[in-house]
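Q: Sequence isn't available, so here's the structure alone:
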């Protein structure tokens with residue numbers, strides 16, 4: 001019973017919920033960036049490198065034969081994943097940088113509070129004692 005109580009406290013904490021929301025949004029964001037990379041950026045890069053489709057780049061170790069599938073190293077998919085990762089990392093960097101910039105603007109230091117009556121009285125006593 002104690003285990004479930006501890007689990008409930010953990011699951012309902014703000015940090016766990018924020019993490020879950022971040023993972024869900026991150027997954028959706030990853031799909032969007034992958035689509036941009038696959039459908040927009042990579043075709044443009046393909047034009048510059050002679051119309052090569054990265055996902056079809058591979059090194060064939062053993063060609064396909066009847067009843068046996070081809071054995072190959074698909075380095076084009078690896079290049080595609082590296083490009084995806086780089087663009088996602090860059091987008092997240094920009095996003096975090098914007099959030100941090102907004103937080104700095106929001107965190108203006110509050111005006112100092114006026115001294116209380118006790119502080120004023122103690123200051124006067126300190127000043128009188130220092131004159132003696």
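A: Done, it's in. The structure displayed is predicted, hence computed values, not measured ones. Numbers count the residues shown, from 1 in each chain.
Q: Next, count neighbours for residue 33.
A: As a burial measure, residue 33 scores 19 neighbours (other Cβ atoms under 10 Å). Where C-beta positions appear, they are placed from N, C-alpha and C, glycine not excepted.
Q: do the same with the one 5 residues further on
A: Summarising burial for residue 38: neighbours were counted as other Cβ under 10 Å, giving 15.
Q: now do residue 48
A: Close neighbours of residue 48, defined as other Cβ under 10 Å, add up to 8.
Q: do residue 101 as well
A: Residue 101, neighbours per other Cβ under 10 Å, totals 10.
Q: That one: which element?
A: According to DSSP states H and E, residue 101 maps onto helix 75-106.
Q: can you give me the mean pLDDT across that helix?
A: Mean pLDDT, helix 75-106: 79.
Q: what does stretch 45-52 give?
A: Mean predicted confidence for stretch 45-52 is 74.
Q: what's the answer for stretch 112-130, then?
A: In this model, stretch 112-130 carries a mean pLDDT of 87.
Q: can you tell me the helix or strand for residue 3?
A: Element membership for residue 3 (DSSP H and E) is helix 2-12.
Q: which parts of the helix holding residue 101 are buried?
A: For helix 75-106, burial by neighbour count (16 or more other Cβ atoms under 10 Å) applies to 76, 80, 83-84, 88.
Q: Turn those residues into JSON lines, including distance to residue 3.
A: Putting the buried residues of helix 75-106 into JSON lines (distance: Cβ to Cβ, whole Å) gives the following:
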{"residue": "76", "distance to residue 3": "48"}
{"residue": "80", "distance to residue 3": "44"}
{"residue": "83", "distance to residue 3": "45"}
{"residue": "84", "distance to residue 3": "40"}
{"residue": "88", "distance to residue 3": "37"}
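Q: Any idea which residue is closest to the centre of this structure?
A: Residue closest to the average C-alpha location in the chain (Cα atoms, centre = their mean): residue 92, at 4.6 Å.
Q: now that one: how far from residue 30?
A: 10 Å (Cβ to Cβ, to the nearest Å).
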